[in-house]
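Participant: Coordinates only, no sequence provided:
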C-alpha cells in the first residue's frame, strides 16, 4: 500500500555526474523538479576523506602527541566540510529555493539521496550543513536517507506484532584477534530497559549463514518472526567466480562484491556476498537490517554502501548501517533511541534521526585519556527501499520519564546493577567491567566444548565473569528459558555439595511444578538419568562456583570434607557425558585448573583486568569519592594501580580507602611495610586476608615458612633468583639450602593454589594481596627477631640482584639481548626497589651495577623521564650537604659520574645540546686530571665520541669528524672492539652527511662486522638502519627497504621504541620517494606518535618536516607551509642547523610556487648559508639548483647561470646524482648565453678555469637532440 508521508526533497545523484533536486510536498502525489540538473563535484579531497575516517575510527585510540591536536582540528573542520557538501548538492538557485521553501513550511522534512551507484550513496552526505543555520541538517529536525532510484519510497511495508524481535549476528571469524572490535550487544542489552516497549534480543549461535536461515525460518513458522537482523562483524570487498552457484541474479555487477564475514561451522571466515544474505532475509520476510560491518582503511564507506544497496536490491525494505567503525557505547545508545521512537510511532527515518541526536547530545566516548568528545553522530546512515511501519507495537512503560533521562542513569549505573529480579544469584557484586575477549572465548567454548573451567588466583573476577556470562546467556536466547541459567555454589558447608545435590538443584529448576509431584519420588539414579536426559535435549546453562573445594582445595576447617573418591569419579563421569553429548553447558570457576577432570574439559585462565579496563574500574570505584582526584594524579597512585595488577577484588577492597588514606600509605600497606587499612573480618569475598588464607593454608608448614620471603618481592617471583638468594651466606635460616629447582617446585604448588599465576620469562606473578598477608604472618611468627631477619633478607636480595644485574648488562650487548630485555621488563619493579635500597644504604657499587641494565631498558622503552628522576636521585644521594660532588676516585664519585654522564646523554638525545656539552667537557677534564689507567682512557674516548655526536647534531661535520677520530684512536690502542664499532659508525654518518655515500657504506660495514662478531643486536640494528639511509640516498630503494626491515625486526624484538620510530620514519621517506604519498603519511604519523610520546624533539621536528614535504607533493601548499614552520620552530630552539636549513629550503619552495619570489629567495639564502658553512655539498647543490630555477623564473639568465655553476661545481663528476637537473640547465644556459659567458662565470664563482669535462659536457648535444645535420 501507499500513503502520504512527510515532505521530501529528492536528490538524484545521476550517472552522468550531475545532481537533480525535486520537491515533493506532503500533500502532493508526485515530485516537482527544482530546475535543471547541475554538475555534481564531490567537494572533499582524498586527504580530507582520510582525515574524517581517522577522526572517527582512530583518534580516541591514541589521543596523545600530534594526534591530541589533530583530532580537535578535524572536528573544527566538520562544519566547513558540511557547508561544502550542501553547496555541491544544492548548487542552483532553484534547488536552494526548493530547500528553503520546504524548511519554511515547518513540517517534517526528509532529504532522500537516490542513486544507482553504491559508490555515490556511500559518501558521508549526513555531514551536510546549511551555512545559514548553526546546526547540521541531520541534527536540525531533518531526516536524511538514501535510496535506490528504482525503489518506491512511498510503498509501505506493515510489520505485525506487539514487540520487536531482534536477531543479532556477532561474527568474529578471526577469533581472539577480533576482540578489539567491541561487542555491541552487551551495552545494548543494558539500555533496552529504557525503551518503553518490549525488545527481545536473541544472539545467533553459531554465527553461520546456515544457522541464520534455520533460525529465521523456524521463527517465522512458529509465528514469532524476527523484524530486525543486526549484523555485528566485518564487511569486506571480495570477488567470487561466476560459477558461484547462486544463479545469475547474484552477479548483475562486475568487479568486487560487498560481502559479510560470517563464521564457518568449524571456525574461520566465511565471506558471503550481500546478495546471498539478502535472499535468506527475503525468504523470512525480514524488513529491517542493522549493519555494524566496516572494513577500516577503505576511504569513505564503500563496503557499507555496497552491502546495503545489494540488500535493498534483493528486497530488504530498510537498512540502518554504521558507515564507520563505531564505539560500542555509541552504537548501543543509538539503537536504544531508535527502538524507542519506533514504539512511539515514528517512521524509520525519524527514528534514525532521533538516534543521531542522542549521539550528538551525549558525545563523550572512552579513550586512554578518559571520556573525550567525538562528533560521531553522522556515523549511522539510513537506506530505504520502502517505508516500514510497526502499527502493533505495544508500549509497556509510561512516558513520564524521558528516554534521555533513563539512558543517562544507566550510563552512571554499573553493569549488573539492574532492578531486583528472581535470579538474584546472578546479580553483580559491584561493577563488572570489560572482559570482551574472555566473553568471546567463553561463549565459543560453552557452545563447542560444553564444559569450561575458568581458573585463576582468588580475586581475579572468575565468579563475576561467570555471573555476567549467565546474565548474557539468559538475556540473549542462549538457553531455552531464562530461568534455565542455574547457579550452584560449592562453598564449603553448603549441604548440596556433591553430585546428588547438584542434580536436585537442576531438577528443581528444570522440572518446575513436576519436581515435588514426580521428580522427588524417583531414586537417586533415576533423578540423575532424568536430569541428564533434559540436559541432552534442552539448552540449559549450569554455573558452578568455587569448585576448588571439591578436591583441589577442600575446606581447611574440615566443616565439609572433600568428596570421596567414588563421588569424585561420579562427578567427573557426569561432566564427561555432558561434554560428549548435550545441548547444555557448564561453566566452572576454580582457583585450580581441575586437571583431574581430564582432557575433555576446556580451561580458560582468568587474570586481572587489562590496563584500560582497570583504569575504568578504578574510575567507577572512586566515583563516590570525588576529592580523591588529587591523590589519583600522584605517582604513588600509579604505583598502587601497578601493584594491584588489575585484580578486581583487591581493587574493590583497597581503592575506597583512598578516601581516608594517602596513596603512599596504601602502597606501604600492600608491600607489607605497614598494615592495610580496614579490618580482616569477613569471608573470602569481603576480606583480602581471608581470601589469601583459604589458599595459603593448603601449603605445608615448610612451604609456608619459605614463602614468607615473597613479602619482600615486587610483582614477580623467579625461582633462579630465589635459588641464588638462598645461597647468600647471611640469608636467614628458613630460606637456606633451597636451590632453584626446589623453589621452582614450591612456586608451582603455590600457583596451583591460586596464590601465584604464571608470568613471562619463566616467572610467577604474585597475588597483589599476598605480600601484606605474608608480612603479617612473618611478624607474628618471628616476634622480636622479625626486624633483623627482614633486614638480613633484604641485604641478601640486594647481593642477588646485583649479580643478576651484572649478568643482564652483559646479555644486553650480546645475542641474548631480547631475553635480557624481557627479564628486565618483568623484574623492573624489583630492580627499582633494590636500587633505592642500595642508595639508602650508601652501597654505591651495588647501586651502579643495578642501575646500568635499568638505564638501557629505560632508553629502549623511551622512559626518559623515569631515567632522569633516578639519575637525579643518584646525584643527590652521593653529593654532600652543600651539593659538592664526591671525589671521582671514590665509589660514590664513580656512581655520581655515571649518573651525570647518563643524564648528559639523555640531554643530547633530547636536543638540549648546551647542557650536554657542558657536562661532557667537565667530565673529560676531570678524567684527564685523574691517574692514567685503561678505565680512564676508555672514559675519555667515550667523552670524545659524545662530543662528536653533539657537533654532528649541530651540523659541524669537520668538528664531529675530529672528535670521532680522537676517540677511535684511543679505542684502537686499547683494542676495545665494541668502542671501535661505535667509532666507525660515527665516521660513517659524517661521510654520509657530506654526500660521500660509498665511503659511508664502507665505514658502516666495518662497524657491522665487529657488532655481528660480538652478537651485539642493538648495535646491528643501528647499522642496518644507517645502511638503509645510505642506499636510499643512492637511489637503491629496494636494498634500502630491506635494510630498514632488518633493523625494525630487531628493534621490535627488543621493544626499542625510539629505533622503531626511526624505522617508520625512513619507510615513510621511502614511500614518499616512490610517490606513495598516503602510505608515506601513515608511516610518518606512526613514527611521530612514538617520538612525541618519548619527548624526542629532534625526531618530532624531522617528522613535521617530512609531513610538510608530503603535503607539498600533494599540492596542499598551505598545509605544507604550516608543517615546515612547526618543524623550524623546534629546530631553532635546539640550534639544530642541519634541520633548520632543510626547513628554510622547504619554505622557499612553497613561497616560490605561490609566486612570492622575493620571499623564496630569502628562504633559500638562509638555507644556503648554513649548508655552505657545514660543508654540506649535497645540500648546497640542492639549494643552488632551486635558486637557479628561481632566477630563470625571474627572467635573470646571468644569475641563473651563476647558480647553476655553484651547483655543478660542488662535485668533480658531471653529471652528478646530487645535482639533479642543473647540468642540463647549465647546457641550455650556455647555448643561450655562449661559452664565453660560462667561462667567465665559472672563474668568477670558483676562482678556477672552466674544467675540460664541463666544457665537453655543455658543448655535447643532449642525446636525441636534432643537430640539423641529419637527413630525412
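Facilitator: Alright, I've got the coordinates. Computed from a predicted structure; not experimentally measured. Numbering: from 1, shown residues only.

Participant: what about stretch 334-354, distance to the chain center?
Facilitator: 33 Å (C-alpha atoms, centre = their mean, to the nearest Å).

Participant: List the buried residues of that stretch.
Facilitator: For stretch 334-354, the neighbour count (16 or more other C-beta atoms under 10 Å) marks 334-344, 346-354 as buried. (Glycine included, C-beta is placed from N, CA and C.)

Participant: Stretch 998-1010 now?
Facilitator: 999, 1000, 1001, 1003, 1004, 1006, 1007, 1008, 1010.

Participant: Report the rounded mean pLDDT for that stretch.
Facilitator: Across stretch 998-1010, the average pLDDT comes to 94.

Participant: pLDDT of the biggest helix by length in the chain, averaged?
Facilitator: When the chain is scanned for its longest helix (criterion: DSSP state H), the result is helix 786-812. Looking at helix 786-812 alone, the average pLDDT works out to 94.

Participant: now swap in stretch 115-129 and tell me
Facilitator: Stretch 115-129 carries an average pLDDT of 90.

Participant: next one: stretch 546-563
Facilitator: Per-residue pLDDT over stretch 546-563 has a mean of 75.

Participant: again, but for stretch 949-961
Facilitator: 84.

Participant: Quote the end-to-end distance of that stretch.
Facilitator: Counting by C-alpha to C-alpha, to the nearest Å, you get 9 Å between the two ends of stretch 949-961.

Participant: Can you list the buried residues in it?
Facilitator: For stretch 949-961, the neighbour count (16+ other C-beta under 10 Å) marks 949, 950, 951, 952, 953, 954, 955, 956, 957, 959, 960, 961 as buried.

Participant: residues contacting the fifth one?
Facilitator: It stands for residue 953. 908, 911, 913, 1098, 1136, 1138 (C-beta atoms under 8 Å, 6 or more residues apart in numbering).

Participant: JSON lines please, covering those and showing neighbour count.
Facilitator: Below are the contacts of residue 953 laid out as JSON lines (neighbours: other C-beta atoms under 10 Å):
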{"residue": "908", "neighbour count": "21"}
{"residue": "911", "neighbour count": "22"}
{"residue": "913", "neighbour count": "19"}
{"residue": "1098", "neighbour count": "19"}
{"residue": "1136", "neighbour count": "24"}
{"residue": "1138", "neighbour count": "19"}
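
Participant: and which of these is nearest to residue 160?
Facilitator: residue 1098 (68.9 Å; C-beta to C-beta).

Participant: List phi and psi for that closest one.
Facilitator: Torsion angles at residue 1098 (phi, psi; degrees, to the nearest 10) stand at phi -60, psi -50.

Participant: Correct me if wrong: it contacts residue 1139.
Facilitator: Yes: here residue 1098 reaches residue 1139: they are 7.4 Å apart, a contact under C-beta atoms under 8 Å.

Participant: Quick check: what element follows the longest helix of the chain along the chain?
Facilitator: Helices and strands here follow DSSP states H and E; after helix 786-812, the next one along the chain is helix 817-840.

Participant: Flag every buried residue along that next one.
Facilitator: Neighbour-count burial for helix 817-840, counted by 16+ other C-beta under 10 Å, picks out 817-818, 820-824, 826-828, 830-835, 837-839.

Participant: Can you list the helices and strands that that helix packs against?
Facilitator: strand 716-717, helix 786-812, helix 844-861, helix 864-878, helix 1017-1033, helix 1037-1054 (3 or more C-beta pairs under 8 Å, 6 or more residues apart in numbering; DSSP states H and E).

Participant: Kindly calculate the angle that that helix makes with helix 864-878.
Facilitator: Interaxial angle, helix 817-840 versus helix 864-878 (axes from the mean of the first three to the mean of the last three C-alpha atoms, to 10 degrees): 30 degrees.

Participant: What are the boundaries of the strands in the stretch 201-350 of the chain?
Facilitator: 228-233, 235-238, 257-263, 269-273, 288-293, 318-322 (DSSP state E, counting those that start in this stretch).

Participant: counting contacts, what elements does the longest one pack onto?
Facilitator: Contact here means 3+ C-beta pairs under 8 Å, 6+ apart; on that basis strand 257-263 packs against strand 228-233, strand 235-238, strand 269-273, helix 274-283, helix 302-313.

Participant: number of nearby residues for residue 332?
Facilitator: Residues contacting residue 332 under the criterion other C-beta atoms under 10 Å number 24.

Participant: Same check on residue 935?
Facilitator: 13.

Participant: contact partners of stretch 888-898?
Facilitator: 842, 844-845, 847-848, 851-852, 874-875, 878-879, 885-887, 923, 926-927, 930-931.

Participant: Likewise for stretch 521-538?
Facilitator: With C-beta under 8 Å, 6+ apart as the test, stretch 521-538 has contacts from 480, 484, 499-500, 503-504, 506-507, 510-511, 519, 540, 574, 577-578, 581-584.

Participant: Domain map for the chain?
Facilitator: 7-147, 156-240+255-411, 442-468+498-605, 611-678, 704-842, 987-1051 (automatic domain parsing).

Participant: residue ranges of the helices in the stretch 1101-1250 of the chain, please?
Facilitator: Applying DSSP state H, counting those that start in this stretch to the stretch 1101-1250 of the chain gives helices spanning 1117-1134, 1137-1153, 1157-1173, 1177-1193, 1197-1208, 1222-1233, 1235-1246.

Participant: Serialize these to a markdown table and add fields for mean pLDDT and distance to residue 279.
Facilitator: Output for these, formatted as a markdown table (pLDDT from 0 to 100; distance: least, C-beta to C-beta, whole Å):
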| stretch | mean pLDDT | distance to residue 279 |
| --- | --- | --- |
| helix 1117-1134 | 87 | 47 |
| helix 1137-1153 | 92 | 55 |
| helix 1157-1173 | 92 | 63 |
| helix 1177-1193 | 91 | 62 |
| helix 1197-1208 | 94 | 68 |
| helix 1222-1233 | 91 | 64 |
| helix 1235-1246 | 94 | 78 |
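
Participant: Looking at these, which is nearest to residue 733?
Facilitator: Proximity to residue 733 (C-beta to C-beta) singles out helix 1117-1134 among those, at 58.8 Å.

Participant: by contact count, what packs against the closest one?
Facilitator: The contact analysis (3+ C-beta pairs under 8 Å, 6+ apart) places helix 1117-1134 against helix 1097-1113, helix 1137-1153.

Participant: coming back round to it: how about the longest helix of the chain: buried residues?
Facilitator: Result for helix 786-812 [16+ other C-beta under 10 Å]: buried residues 789-790, 792-793, 795-802, 804-805, 808-809, 811-812.

Participant: How far off centre is the helix or strand hosting residue 707?
Facilitator: For residue 707, the enclosing helix or strand under DSSP H and E is helix 701-707. The chain centroid and the centroid of helix 701-707 are separated by 42 Å under C-alpha atoms, centre = their mean.

Participant: Can you check the pLDDT for residue 446?
Facilitator: If you check residue 446, the pLDDT there is 91.

Participant: Quick check: it vs residue 469, distance?
Facilitator: Noted for residue 446: a distance of 8 Å to residue 469, by C-beta to C-beta, to the nearest Å.

Participant: Comparing these two, which residue is more hemmed in?
Facilitator: Neighbours per residue, other C-beta under 10 Å: of residue 446 and residue 469, the larger number sits with residue 469, 25 against 21.

Participant: mind checking how far the closest residue to residue 656 other than its chain neighbours is from residue 723?
Facilitator: Excluding the flanking residues, the one nearest residue 656 by C-beta to C-beta, 6 or more residues apart in numbering is residue 621, at 6.4 Å. Counting by C-beta to C-beta, the separation of residue 621 from residue 723 is 39 Å.

Participant: Those two: who's more crowded?
Facilitator: Shown here are residue 621 and residue 723; by other C-beta under 10 Å, residue 621 has more neighbours (22 against 17).

Participant: nearest residue to residue 510 other than its sequence neighbours?
Facilitator: Of all residues not flanking residue 510 in the chain, residue 534 sits nearest, at 5.1 Å (C-beta to C-beta, 6+ apart).

Participant: Count the neighbours of that neighbour for me.
Facilitator: So residue 534, with other C-beta under 10 Å, has 18 neighbours.

Participant: sec struct for it, please.
Facilitator: Using DSSP: H, G, I helix; E, B strand; the rest coil, the structure places residue 534 in helix.
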